[in-house]
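# Return a 3D structure for these sequence lines:
(2 chains)
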Amino acid sequence: MTQEHLANINIDEPEETLKMNPKKFMLWLAIVSIIMMFAGWTSGYLVRKAEGRWHEFELPQIFWYSTGILLVSSISMFFAVQAAKKDNFSTLKTAISITFVFGLAFLATQVIGFSDLIKNQLYFAGSDVASSWIYVLVGLHALHVVSGLIVLLISLISSFKFTKDSKNLTRIQLCATYWHFLDGLWLYLFLFLYFNR
Amino acid sequence: MATATLHATDTHDHEHEHHELGFVQKYIFSEDHKTIAKQYLISGIIWAFFGGAMSVIFRLQLGFPNMDLTWLKPVLGQWIVEGKLEKEFYLALVTMHGTVMVFFVLTAGLSGTFSNFLIPLQIGARDMASGFINMLSYWFFFLASIIMFSSLFIETGPASGGWVIYPPLSALPQAMPGSGLGMTLWLSSMALFIVSQLMGGINYICTVINLRTRGMSFTKLPLTIWAFFFTAILGLLSFPVLLSAALLLIFDRSFGTSFYLSEIYIGGEALPNIGGSAILYQHLFWFLGHPEVYIVLLPALGITSEIIATNSRKPIFGYRAMIGSMMGITCLAFIVWAHHMFVTGMNPFLGSVFMFLTLIIAVPSAVKAFNYITTLWRGNIIFTPAMLFSIGLVSLFISGGLTGIILGNSALDINLHDTYFVVAHFHLVMGAASFFGLMAGVYHWFPKLFGKTMNKNAGYIHFWFTFVGVYCVFFPMHYIGLAGFPRRYYSFTALGNGRMEAFVDMNMFISIAAILTFLAQAIFAVNFFYSIFKGKRAPQNPWNSTTLEWTAPIEGIHGNWPGEIPAVYRWPYDYSKPGSSVDFIPQNVPYSATPESNFPEENEEIANEKEIEGLLDIQNSAYSH
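Next up, the predicted model:
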C-alpha cells in the first residue's frame, strides 16, 4: 500500500480507522480520567473555600525548587525520546537517567515540603481543612509520580539493555507522555494552590 | 503512515489463534472479549438474583409489617429478632439492593457484557484494543464483587447509609453499625469497581475509534456501538470523580480529616472535626451519580434500537437523530447533577438553572421515544421475546420519563424529595427500563453468545410476568409517594394517626407483585442455563439481521473471523429496502452487488468500493505477525 494510493481515498474516513497506536490512545484516555479526578478535587477545594471559614496559608518555599526540578526532568525526557528515535543510545541513557534522578529528587523535595508544612503547624488532619487540602493535592500527585517513576525505571532498564526495536521506542514514548503529563499536572496544582490560598 | 508502530502493538492476540489454550487461559483468565462478556453476564445474573432477593425481604417488611419472619432465620440468622427483621438490617438491605443493582448488575452486567461482546463483533475487530487490560477489568470487578459480597456476612452488617452513602452518616463509625467495617468494605469494593470500569471504558473507546474494519465509518456504526461509546465516555469522565469523593471520605473516616465533617455532637460530646462540608460530598457524588443513570440506561437504549429495527424489518427511524440525541443526553448528563440536591438549601436561583437544564433532557429523550415508535409504525413486526422486552423498555421509558418532568421541577421536587414517588420514577425509567434492555439483549444475542437458542415460549411467559409485574409494583408507588411516604423507612404503622395505615393494602399489593415478579425470573434463569447446555443449535443468522456479528462463525473462534474480517459498505439498517428481493441486506454486501435496490447516491458509492477493499493490507498489518 503506497502513500499515493492512500491519498486518493476519499470515502468517509476509512483510512482513519487504524491511525493511532491503540496503546498511546489508551494512555491518553487514562490521562483524561486522572485529569477528571484532580478536577474533582480542585473544584471541591474552590467550593469549600467559597464557603468561608478558610485559613490562608503560605506554600513552602521549596515547592518552587521542586517545580524547577520536575521541569528539568521533563526536558531531559524530551531529549531521551529524541535520542531513542535516532537510535542514539548513549544520549538516551544519559537523558533518561537524568529524568529518573530528577524524578526522585522531586519526590524528596515534596517530602521536605511536607515537613515544612508540619513546622508551620499545618497538619494533614486536626489543624484545619485548608491544610488537609494541600496534603491531598500534593500527596496524591506525588503518588502518581511514584507510578511514573516505576514506568520510567522499566524504560531505563530496557534502554540500558541496548535493545533496538520499535516496541522499546513505543514504551519510551508512552513513558514520556505520562511524565510530561505529571509535570503539567504539578504545574497546574502548584499555580492553583499559589493563587487560591 | 503509522503502520510501523502498529506492527509492534497488539500482535499477541493473534498468535493465540494457532495453538490450543489451557482451561485456565480459555475460561478463567481469558483475554478473549467473548469469554469476558460471558463472565460479566453470568456474574451480573447472579448479582441480580441477590439484589432481587434483598428487595423481596424488605418488601415483606413493608407489605406485611406484622408477619412472623422466623422462617427466614436459617438464612438471615441474627438479623431476625423475635420473628421480626432487625431495623438496622432493613437499612442495610435497602443500601445493598441499590448498590448491587445500580453498579454490579446494570453497570457491570449490562454494559460489561454487551460492550465487550458486541463492540469487536459489530465493528469488525479481532478483539479489544488490549485483551490484557480487558481481562484485568473483569478481575477487578470480580474482586470488588467478592469484597462487597463478604460485607453481607460481617457481624455489624454491610453499609447501611443508602447507596449514596452521604456523610456524616457514612463517615462516622459510631453513627450506625453499618458505618463501621461494612462501610470500609463498601468503599474498598467501590474503589476496585471504579478501576475496573475505567479499564473497561478506556478499552471500549479505544477499540471503537481505532479498530473498526475497513469501510466502517462512524456513520455506518450500529446504534448499539454508538450507545456503548457514549456510555464509556460518560464512565471515563464521571467515575474518577466518584473516586475523588470516596478518597476524601476514606481520609475522613480513617485519618481524622474534616472534608465532610463539621461541628458534630455524639452523645453530648463534640467531635474534633471542624470546617468540613457535607454538601460538598453530595456535589461530588452526584457529579458521578447523575451520569451513572445514563451509564445504566444508554446501553439498554442502544440494544433496543438494534432489536426494534431488526424485528420491525424497517430501517431505524432517524439514525442521525438517534446519535444526536444520545450525544445530547451525554452532554446534559454532566450539568444536571444538582437536581438531586434541591433540598440541600441551595440558592433558589441555582436551583432554577439546574431545573431548566434538567427539563431540557426531555427533548433528546422524547426524540428517542418517538423514533422507536415511528420505527415500529407499519413495520412487519416479529414478536420475539427480545422484541417484546424492547417494546417493554420503550413503554417503561415513557411512563417513567413523564414523572421525571414532574420531579425535575424544583417546586414539586421539594415536596416529593425522598418519597416513594422518586422511588417509582427511577425504578421505572432507569431500573426496569435498563433491566428490560439487558433481557432484550440476552434473548437477542444468546444465539451468538452461546451458539444455542433459548426457548421462545418460556421467554414469552417470562416477559408477560415481568412486564405486568413491574407495572404492578411501581405504578401504585406513585400514589404512596404522593401521600407522603418517605423512602428507606422501616415501618409506617406508628405514624400519622393511622393515616399511613390506609395504604397498608396498597403496600401489601406491591409486595405480592414484587414477589411474583421476582419468582418469574426463575423462568428466565432455568431457560438461560438449560439452553446453554441443552439448547437447540443456533442458525448462522437467526433474526435475519444486517450487522457484522452474524457473519462470524457460530462457534465463536478466537479472532472472531477465520479469514479476513469482512469489509463494510453500507449502514446497518437496510431492512425491507425497495427493489431488493430479500428483506435485509447485510453491511458487508457491496452496493455493486445490489444494483436493483440502490439509491442514486449509493450508485456513486460503488466507485469507492475498490478503495475500501484496498485497505485490507493496512488492516491486516495491524493484526498479523
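# Let's see stretch B:310-328 as CSV, backbone CA atoms only.
Extracted in CSV, the C-alpha atoms of stretch B:310-328 (Å, rounded to 0.1, in the frame of the first residue of the first chain):
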residue,chain,number,x,y,z
THR,B,310,-34.4,-5.8,13.1
ASN,B,311,-37.7,-7.1,14.3
SER,B,312,-39.8,-4.4,12.6
ARG,B,313,-38.0,-5.2,9.4
LYS,B,314,-37.6,-1.5,8.9
PRO,B,315,-34.7,0.9,9.0
ILE,B,316,-34.4,2.7,12.3
PHE,B,317,-36.2,6.0,12.1
GLY,B,318,-33.9,9.0,12.3
TYR,B,319,-30.5,7.2,12.6
ARG,B,320,-28.6,10.5,12.9
ALA,B,321,-31.2,12.0,15.2
MET,B,322,-30.7,8.9,17.5
ILE,B,323,-26.9,9.6,17.6
GLY,B,324,-27.6,13.3,18.1
SER,B,325,-30.0,12.7,21.0
MET,B,326,-27.6,10.3,22.7
MET,B,327,-24.9,12.9,22.3
GLY,B,328,-27.2,15.4,23.8
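# If you count neighbours, what's buried in it?
For stretch B:310-328, burial by neighbour count (16 or more other CB atoms under 10 Å in any protein chain shown) applies to B:310-312, B:314-319, B:321-323, B:325-326, B:328. Just so you know, the C-beta spots here come from the backbone N, C-alpha and C atoms, and that holds for glycine as well.
# from those residues, which two are the most distant?
Farthest apart among these by CB to CB are B:311 and B:328. That separation is 26.3 Å.
# Phi, psi for whichever residue of the stretch 351-500 of chain B sits closest to chain A please.
The stretch 351-500 of chain B approaches chain A most closely through residue B:354 (15.0 Å), counting by CB to the nearest CB. For residue B:354, the backbone dihedrals (degrees, to the nearest 10) come out as phi -70, psi -30.
# Find the residue closest to it in space, skipping its chain neighbours.
residue B:338 (4.3 Å; CB to CB, 6 or more residues apart in numbering or on different chains).
# cool, and residue B:152?
Nearest residue to residue B:152, sequence neighbours excluded (CB to CB, 6+ apart): residue B:158, at 5.4 Å.
# my guess is that neighbour meets residue B:184, correct?
No - Residue B:158 is beyond contact range of residue B:184, at 10.6 Å (criterion: CB atoms under 8 Å).
# Same drill for these two, tell me which one is more crowded.
The neighbour count for residue B:158 versus residue B:184, taken as other CB atoms under 10 Å in any protein chain shown, is higher for residue B:158 (26 against 18).
# Next, the contact list for that one, please.
Counting by CB atoms under 8 Å, 6 or more residues apart in numbering or on different chains, residue B:158 touches B:92, B:95-96, B:148, B:151-152, B:178, B:182, B:185-186.
# can you rerun that using 10 Å?
Contacts here follow CB atoms under 10 Å, 6 or more residues apart in numbering or on different chains; on that basis residue B:158 touches B:89, B:91-93, B:95-96, B:99, B:148-152, B:177-178, B:181-183, B:185-186, B:189.
# cool, and residue B:350?
Contact partners of residue B:350, counting by CB under 10 Å, 6+ apart, are B:338, B:341-342, B:410.
# Just the buried ones out of the contacts of residue B:158, please.
The buried subset of those (16+ other CB under 10 Å) comprises B:89, B:91-93, B:95-96, B:99, B:148-149, B:151-152, B:177-178, B:181-183, B:185-186, B:189.
# Now do residue A:194 against chain B, distance only.
Distance check for residue A:194 against chain B: by CB to the nearest CB, to the nearest Å, it reads 21 Å.
# tell me the SS of the closest residue to chain A within the stretch 51-200 of chain B?
Across the stretch 51-200 of chain B, no residue is closer to chain A than residue B:129, which sits at 3.9 Å (CB to the nearest CB). Using DSSP: H, G, I helix; E, B strand; the rest coil, the structure places residue B:129 in coil.
# Correct me if wrong: it contacts residue A:25.
Yes - judged on CB atoms under 10 Å, residue B:129 makes contact with residue A:25 at a distance of 7.5 Å.
# any shared contact partners between those two?
B:202, B:205-207, B:209-210.
# ok, and which of those reach chain A?
Applying CB under 10 Å from any CB of the partner chain, the subset of the shared contacts of residue B:129 and residue A:25 adjacent to chain A comprises B:202, B:205-207, B:209-210.
# Out of those residues, which is nearest to residue B:299?
Among those, and counting by CB to CB, the member closest to residue B:299 is residue B:205, at 14.1 Å.
# Helices of chain A, residue ranges please.
Using DSSP state H, the helices of chain A run over residues A:3-7, A:22-50, A:62-85, A:89-119, A:129-160, A:166-195.
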